[in-house]
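S.K.: Here you go, sequence then predicted model.
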Amino acid sequence: MIEHRPYHALGGSDSGWLKARLHIAFSGMGNPIHGPIGALRVWNDDEFAPQSGFPMHRHQDVDILTYVRRGAITHEDSLGNKHTIQAGDVQAMRAGSGISHSEFNAGDEPTWLYQIWLEPRKRGAAPSWQTRHFPRHERDAGLVVLASGHPDDEGAMPIDADARLLAATLRKGKHLSYRLAPGRAMYIVTTSAAVEANGLILQTRDGLLVHDEDTVTITAHDDTEIVIIETHQ
């Protein structure tokens, strides 16, 4: 089964300093027909205006992945961590029993990022935070697992959810295939150009839910990145 979630059909909000489109409806926001997928509870396509951001606020029992597409975001939290995450970086924060953090674009240009929330396997775990740089050229050969709740995914940042975050850089005309195990689903977003996935065209920033398909084949119409969450159905 394939469900296309076009960017123009996503619900969203515009508070001036933050423009958000929601691939998954959450807390009364977004398109209500776009439900959660396995452990995937939130996928926001956010644009932070220069010199703006969220003040310190609290989360509990959620794993939050931040994938910076353009610009930078500065993270600070109640564990004492402070770091500026650049484009190409991925942040993984385990809220667990509770963590407070802030996110701020201190630059003079907008910051574009994906923020992804995952349901953890267990509640009340010790909170943690980490970040890692994944150069885009390292993804030219195919999908790279950036964060994973599966210990056999070597080199990926560990998370506590039944999910994987993957990304690839696809050049125009190139394609890749991903084999989907029974009972698994994937959500695919193309960042900057159209791609074709199992015969369906995704325009820039569109999303695609896939499950009950043996293989997903993606072909780029132009240079782009694709970002994927793979999880249970």
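M.R.: Done, it's in.
S.K.: show me what contacts the closest residue to A220 other than its chain neighbours?
M.R.: What sits nearest to A220 in space, not counting adjacent residues and going by CB to CB, 6 or more residues apart in numbering, is L170, at 3.8 Å. For every residue, glycine as well, the C-beta is placed using N, CA and C. Listed by CB atoms under 8 Å, 6 or more residues apart in numbering, the contact set of L170 reads L176, V195, I218, T219, A220, D223, T224, E225, I226.
S.K.: ditto for Y178
M.R.: L143, M186, T215, V216, I218, I228, E230.
S.K.: Just the ones of those residues in strands?
M.R.: In strands, defined here by DSSP state E, the members of these are M186, T215, V216, I218, I228, E230.
S.K.: Counting neighbours, which of the residues you listed comes out on top?
M.R.: E230 (27 neighbours; other CB atoms under 10 Å).
S.K.: possible to save the ones in strands among the contacts of Y178 as TSV with pLDDT?
M.R.: Output for those, formatted as TSV (pLDDT from 0 to 100):
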residue	pLDDT
M186	98
T215	95
V216	96
I218	97
I228	98
E230	98
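S.K.: Nearest to R123 among those?
M.R.: Nearest to R123 among the ones in strands among the contacts of Y178 is E230, at 22.6 Å by CB to CB.
S.K.: coming back round to it: among the contacts of L170, which ones are buried?
M.R.: Among the contacts of L170, those that count as buried by neighbour count (16 or more other CB atoms under 10 Å) are L176, V195, I218, T219, A220, T224, E225, I226.
S.K.: Okay, the fourth one and A25: tell me how far apart.
M.R.: Going from T219 to A25 by CB to CB, to the nearest Å gives 29 Å.
S.K.: before we move on, back to that, distance to E76 and secondary structure added to the contacts of L170, as JSON lines?
M.R.: Shown next, in JSON lines, are the contacts of L170 (distance: CB to CB, whole Å; DSSP: H, G, I helix; E, B strand; the rest coil):
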{"residue": "L176", "distance to E76": "37", "secondary structure": "strand"}
{"residue": "V195", "distance to E76": "36", "secondary structure": "strand"}
{"residue": "I218", "distance to E76": "36", "secondary structure": "strand"}
{"residue": "T219", "distance to E76": "41", "secondary structure": "strand"}
{"residue": "A220", "distance to E76": "37", "secondary structure": "strand"}
{"residue": "D223", "distance to E76": "34", "secondary structure": "coil"}
{"residue": "T224", "distance to E76": "32", "secondary structure": "strand"}
{"residue": "E225", "distance to E76": "27", "secondary structure": "strand"}
{"residue": "I226", "distance to E76": "30", "secondary structure": "strand"}
